[in-house]
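Asker: Starting from these lines, generate the structure:
(2 chains)
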Amino acid sequence: MRLTALLSRAVTMPVILAWLLFLPPDEAGAQPALQPLLQEHQAELARPSRSTIGPVIAALLASDHPGITDFLRKWEAREVYLRPEDGLFFYAEKTGSRLRLIDIDSGAAVAEPGSREIEQIRPNAGVRREVAAALVPFELNAADPARRAAALDAIARSAEASQIAPLRESIGTETDPALKIRKERLLTLLTAQFAPTRSERLDAIAGLAGDISIEARGVLNQLTATRDGVAAALPAGANIARVLEPGTDLTEAQAHDRLVAAGLAPPRQTAADLRDVLAQHIVEGAVGGVPLHRLNTTAERIRAYEALERAGTVPPRAAPDEMARAVAAHVFYTEYLQPDPRITQAAEDALAATTRTLGLYQVADLVLDGLSLASIFFLAAIGLAITFGVMGVINMAHGEFIMMGAYTGYVVQLFIPDYTISLLIALPLAFVVTFGAGVAMERLVIRHLYTRPLETLLATFGISIALQQLAKNVFGTQARPLTAPDWLSGALTLNDIVGISTIRVAIFVLALIFLALLLFILRRTRLGLEVRAVTQNPGMAASMGINPDRINMLTFGLGSGIAGIAGVAIGLYAQVTSEMGANYIVQSFMTVVVGGVGNVWGTLAGASLIGFLQKGIEWFNPSNTLAAQTYMILFIILFIQFRPKGIVALKGRAAGD
Amino acid sequence: MGNPDITPRQSFLARTPSVLWFLGLLGLFTLGVTVLAEGFGMALLSTSMVKILGMTLCLCLIAVAMDVVWGYCGILSLGHFAFFGLGGYAIGMWLMYARTEGIVIESLANAPIPPTQEEITNAIATQIFGVVGSNELPALWTFADSLAMQLLFVVLVPGLLALVFGWLAFRSRVTGVYLSILTQAMTLALSLYLFQNDTGLRGNNGLSGLQNIPGLLHLPQSTIALWFFWASAAALGAGYLFFAWLVSGKFGSVIRGIRDNEARVRFLGYHVESYKLVVFTLTAVISGLAGALYYPQAGIINPAEIAPIASIYLAVWVAIGGRGRLYGAVIGAALVSLASSWFTGGGAPDVNLGFYTINWTDWWLVLLGLGFVAVTLFFPRGIGGLFDLLVRKP
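Answerer: Numbers count the residues shown, from 1 in each chain, chains lettered A, B, ... in the order given. Now for the predicted structure:
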């Protein structure tokens, strides 16, 4: 190592001399050339190692040469080459398969050597990190905003005290307002962690209160990080976070485990240990005089061990109260890693404020989630609200209409590759397909069963399993994708906590549109009037000149068609399978029943209740959505006990009965 | 009483000759299977076939119960298969525990020191619940080592669930399709609950190895299959007799009245809710018993068995067989479940249409669904209704 350094130094000296001799006079006058400066550290730059590169970089940067940062960046990026014959550094550009060397100072092409005649300089990862860190202050003031942003990222990744000063200086000259805000926030984070004086840090920590960004929370959590401790007495001068009371804060066994881990108490003898020890001392079918076949209770085993103990073959067993005494003799606590109690206190306060803000945002996010789930339930159930709610027909195949709509969307996408256009075609087409299916089903099956509602349930169930299997036969069992167009695949995010995917917003909007459309049709159109008349009293409606057959057919078709459109929407965010409808059918029926049969507003209320409820229950136990569904169904069963007619119950004659 | 048309009360068997016919046929069938079975007679029926027939008898029993609650009392319950599954879980817990205990004791027999009870229990728990990442025996399994307690649970758990659920539902006068949806919700909740890994019943792994009956491990499966077949036949015969007796008397008249016009029966002074509750709970208990006989023959039970669709299939069987006649339920259950296993098991030959080959494994459900629609539309009395054409009532 040393020999090579000497050797290269010996080679370098004459080169530098030659360089100085042949220096073109005009360039030398404008600014000092970089190459001689580099040649001073030729060996370190050519064979960089992490241990030696620090002072070199510092020296180079101290020279304040305008080209130096550019050189270091290129050097770090392995774009600098060394020509061994004279030891000079060059930049290079590729011309075909060969390299063209470029003079570092003049920028002129110098030569096109063969690959054997030059060496690429390859600093390793450690060296490159050093360089990157050293370059940060320069990068912070770089002309290109993207580079300034990258420098900020680098600081955020590996923060240290030395970055405070350059960061603070760079804020004054920052022109981009967004970057300026980022710099100021980063400065606060750095100050809170590394500032030399306590008052500065306290101010910065106070500034972090309520900041819900992950970085700010990370800094505060780091400042309030604790470690568990155990000692005979509370250590003086330690920044104690909390003294733990064995029995309330931690169990006696846990406390004892800590003592054992700290080497303050001998380990407990477990049942397995006891058994193993006894097994090692079997003498002629007995242990300590106790025959083997009697050693199948803990009491007998202890008796055998004590016999061994008296004989002196095994170490004495711990006395029964030894664990309690050991625990009582020590104090258990958690201790802040940060020694200054005022800093940790300020950080705890700031963290509490952040937690409050965070809670508010989490509630907001929960509301958004609930809203989105409610609109999905509403969309799935709204067709049912017409066929079941208004007409009183139990259609177990409703879920299969949803599936049909989703598969329609899938098939359309197979033919039309543009997702936006295919979606625009799929929505009305799904309506047409399921409207047709609904009308056919009403004509062929349901019409004959209007007086036998329970059998409608079974007949439509027959149709449901037939349709499901048919879909399986045609499309296969694996899930088919229904891809959303790009403008629907993003997400609206307010901050790190509150966000919602665009597709869910679209579903919500779609649900609102359906609600308005349905209310309009039922209340403001001739068809709606006739539907309401027929469902209330078909005989009277018929005598007024309404054709109940036609109205029933159209109503059922409408409900089924809406299920088809819902299918496209649901298929966009979930996958399309032959069972997707079956997953929604029970929930949809419950939505309608809970909301109140015969009322679109009721369905909305039911969907909202179920959606928010499910999200609410999930919030308590996020890992277990199955449990949330279970409890929600139990709640609904109980709810129906107390309000059998649902949330929005019809009153008077319209209630039927 | 002055009405001369009313003859003195005959014995119930004389009034319902179909019961004797049924019991006679069931006896003949049992005898036939026994003679042909591998474990006893001429070995023309394989053990797996005997098991399928025994399981079918259990399904017939729950179908009879379903017929009583739906065909006679008018409650379309979509939850009876949940009771069936609960019965299966209750007996399955003992089967699995006792079998694992045997294995554990055997494997610890070579240990230098005999194991304590605690060590045995821990080893059993690890063996059973390792698959769901636990090594503790849940509180639910406290009595799993006792056959008597678990047999009690076979009756108690479905019975109590039906009692509480029925009391809540009937009390608030939930009727018709609403009741159906509510029972379906109950079934869904139960199956979702059982699907969770941390509920102490092994999540979606279910209970397995139930065909190994502890204490009878030295017997070949062919013998055990036959024993269970006999037990199933006896249970079906007894259940049939009991329900036939129940519906033939005054109680039967009242529940039929409830089916046809609930309000009128209430106005006549009957406490409709109590009658419904009795029918609902009784049939749930019988369903649980049927499940307890079914799953040792099936060998495995998991939450998918309890899914709402199973209960709907049950209603389908009864409707195809013919509601309001117990033998109809038996015919429907036997026919559809056997046909189902024949078609989906690849027993049925493919139909080549030239341009397309109908593979029955894929198309059986389509056929069943459409056939079911046809039965509902054109033969509301089901297959059992055909007997009305043969038998002319006096």
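Asker: all contacts plus neighbour counts: C-alpha atoms, from now on.
Answerer: Fine.
Asker: In contact with the closest residue in space to residue A:326 that isn't next to it in sequence: list those residues for me.
Answerer: Of all residues not flanking residue A:326 in the chain, residue A:265 sits nearest, at 7.0 Å (C-alpha to C-alpha, 6 or more residues apart in numbering or on different chains). Going by C-alpha atoms under 8 Å, 6 or more residues apart in numbering or on different chains, residue A:265 touches A:256, A:259, A:326.
Asker: Take these and write them to JSON lines, including secondary structure.
Answerer: Below are those laid out as JSON lines (DSSP: H, G, I helix; E, B strand; the rest coil):
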{"residue": "A:256", "secondary structure": "helix"}
{"residue": "A:259", "secondary structure": "helix"}
{"residue": "A:326", "secondary structure": "helix"}
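Asker: any idea of the pLDDT on whichever residue of the stretch 101-250 of chain B sits closest to chain A?
Answerer: Of all residues in the stretch 101-250 of chain B, the one sitting closest to chain A is residue B:116 (4.3 Å; C-alpha to the nearest C-alpha). Confidence at residue B:116, expressed as pLDDT, is 84.
Asker: How much space separates it from residue A:313?
Answerer: Distance, residue B:116 to residue A:313, by C-alpha to C-alpha, to the nearest Å: 24 Å.
Asker: returning to that earlier point: touching, the residue of the stretch 101-250 of chain B closest to chain A and residue A:301? I think so.
Answerer: No. Residue B:116 lies out of contact with residue A:301 (C-alpha atoms under 8 Å); the separation is 9.5 Å.
Asker: who touches both of these two?
Answerer: With C-alpha under 8 Å, 6+ apart as the test, residue B:116 and residue A:301 both reach residue A:295.
Asker: The two: which has the busier surroundings?
Answerer: Legend: neighbour count by other C-alpha atoms under 10 Å in any protein chain shown for residue B:116 and residue A:301, higher for residue A:301 (23 against 17).
Asker: ok, the more buried one to chain B distance?
Answerer: To chain B, residue A:301 is 9 Å away according to C-alpha to the nearest C-alpha, to the nearest Å.
Asker: Okay, and that residue sits in which element?
Answerer: Under the criterion of DSSP states H and E, residue A:301 resides in helix A:298-311.
Asker: could you give me the average pLDDT of that helix?
Answerer: Confidence for helix A:298-311, expressed as mean pLDDT, is 84.
Asker: try stretch A:254-266
Answerer: The predicted model assigns stretch A:254-266 a mean pLDDT of 83.
Asker: what does stretch A:217-231 give?
Answerer: 84.
Asker: do stretch B:189-206 as well
Answerer: On average, stretch B:189-206 scores 87.
Asker: Could you do stretch A:89-103 as well?
Answerer: 78.
Asker: Run a quick neighbour tally on residue A:543.
Answerer: Around residue A:543 there are 10 other residues, counting by other C-alpha under 10 Å.
Asker: Sorry, slip of the keys, the one I care about is residue A:194.
Answerer: Count around residue A:194 with other C-alpha under 10 Å applied: 18.
Asker: Check what pLDDT the residue lying closest to it once chain neighbours are set aside gets.
Answerer: Leaving aside its chain neighbours, residue A:194 sits nearest to residue A:161 (5.1 Å; criterion: C-alpha to C-alpha, 6+ apart). For residue A:161, the pLDDT comes out at 75.
Asker: With the one 4 residues further on instead?
Answerer: Residue A:165 is assigned 78 on the pLDDT scale.
Asker: quick one: stretch B:18-32 to chain centroid distance?
Answerer: 20 Å (C-alpha atoms, centre = their mean, to the nearest Å).
Asker: Show the average pLDDT along it.
Answerer: Stretch B:18-32 shows a mean pLDDT of 91.
Asker: how about that stretch: buried residues?
Answerer: B:19, B:22-23, B:26-27, B:30 (16 or more other C-alpha atoms under 10 Å in any protein chain shown).
Asker: Which residues of the stretch 151-300 of chain B lie near chain A?
Answerer: B:168-169, B:172, B:174, B:176-178, B:181-182, B:184-186, B:188-190, B:192-193, B:195-196 (C-alpha under 8 Å from any C-alpha of the partner chain).
Asker: go again using 10 Å as the cut-off
Answerer: By the rule C-alpha under 10 Å from any C-alpha of the partner chain, the part of the stretch 151-300 of chain B lying against chain A is B:165, B:168-178, B:180-199.
Asker: Contact partners for residue B:296?
Answerer: Contacts for residue B:296 were tallied using C-alpha atoms under 10 Å, 6 or more residues apart in numbering or on different chains; they are B:51, B:55, B:88, B:91-92, B:95, B:208-213, B:224-225, B:228.
Asker: now residue B:98
Answerer: By C-alpha under 10 Å, 6+ apart, the contact list for residue B:98 reads B:92, B:104, B:124, B:144-147, B:212-215.
Asker: Filter the residues you listed down to the buried ones and hand me the ChimeraX line.
Answerer: This is the ChimeraX syntax for the buried subset of the contacts of residue B:98, where burial follows 16+ other C-alpha under 10 Å:
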select /B:92,104,124,144,145,146,147,212,213,214
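Asker: out of the contacts of residue B:98, who's nearest residue A:286?
Answerer: residue B:104 (23.5 Å; C-alpha to C-alpha).
Asker: Number of residues surrounding the residue of the stretch 501-650 of chain A at minimum distance from chain B?
Answerer: Closest to chain B within the stretch 501-650 of chain A is residue A:630: 4.7 Å, counting by C-alpha to the nearest C-alpha. Close neighbours of residue A:630, defined as other C-alpha under 10 Å, add up to 23.
Asker: which SSE is it in?
Answerer: Here residue A:630 sits within helix A:625-642, counting by DSSP H and E.
Asker: for the record, mean pLDDT for that helix?
Answerer: pLDDT averaged over helix A:625-642 gives 82.
Asker: Over to stretch B:48-61?
Answerer: Per-residue pLDDT over stretch B:48-61 has a mean of 93.
Asker: quick one: it to chain centroid distance?
Answerer: Put simply, stretch B:48-61 sits 10 Å off its chain's centre (C-alpha atoms, centre = their mean).
Asker: Stretch A:402-417 too?
Answerer: Distance of stretch A:402-417 from the chain centroid (C-alpha atoms, centre = their mean) equals 30 Å.
Asker: can you pull out the helices in the stretch 251-400 of chain A?
Answerer: Here the stretch 251-400 of chain A has its helices, by DSSP state H, counting those that start in this stretch, at A:252-261, A:271-280, A:298-311, A:322-328, A:341-384, A:398-415.
Asker: helices or strands up against whichever strand or helix holds residue B:181?
Answerer: According to DSSP H and E, residue B:181 maps onto helix B:176-195. Packing partners of helix B:176-195 (3 or more C-alpha pairs under 10 Å, 6 or more residues apart in numbering or on different chains; DSSP states H and E): helix A:453-475, helix A:580-595, helix A:625-642, helix B:80-108, helix B:147-171, helix B:308-321.
Asker: Tabulate the ones you listed (JSON lines), appending distance to residue A:35.
Answerer: Shown next, in JSON lines, are those (distance: least, C-alpha to C-alpha, whole Å):
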{"stretch": "helix A:453-475", "distance to residue A:35": "70"}
{"stretch": "helix A:580-595", "distance to residue A:35": "70"}
{"stretch": "helix A:625-642", "distance to residue A:35": "66"}
{"stretch": "helix B:80-108", "distance to residue A:35": "80"}
{"stretch": "helix B:147-171", "distance to residue A:35": "90"}
{"stretch": "helix B:308-321", "distance to residue A:35": "82"}
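Asker: Quick one, which of these gets closest to residue B:359.
Answerer: Nearest to residue B:359 among those is helix A:453-475 (10.0 Å), distances taken as C-alpha to C-alpha.
Asker: I'd like the next helix or strand past the closest one.
Answerer: strand A:491-493.
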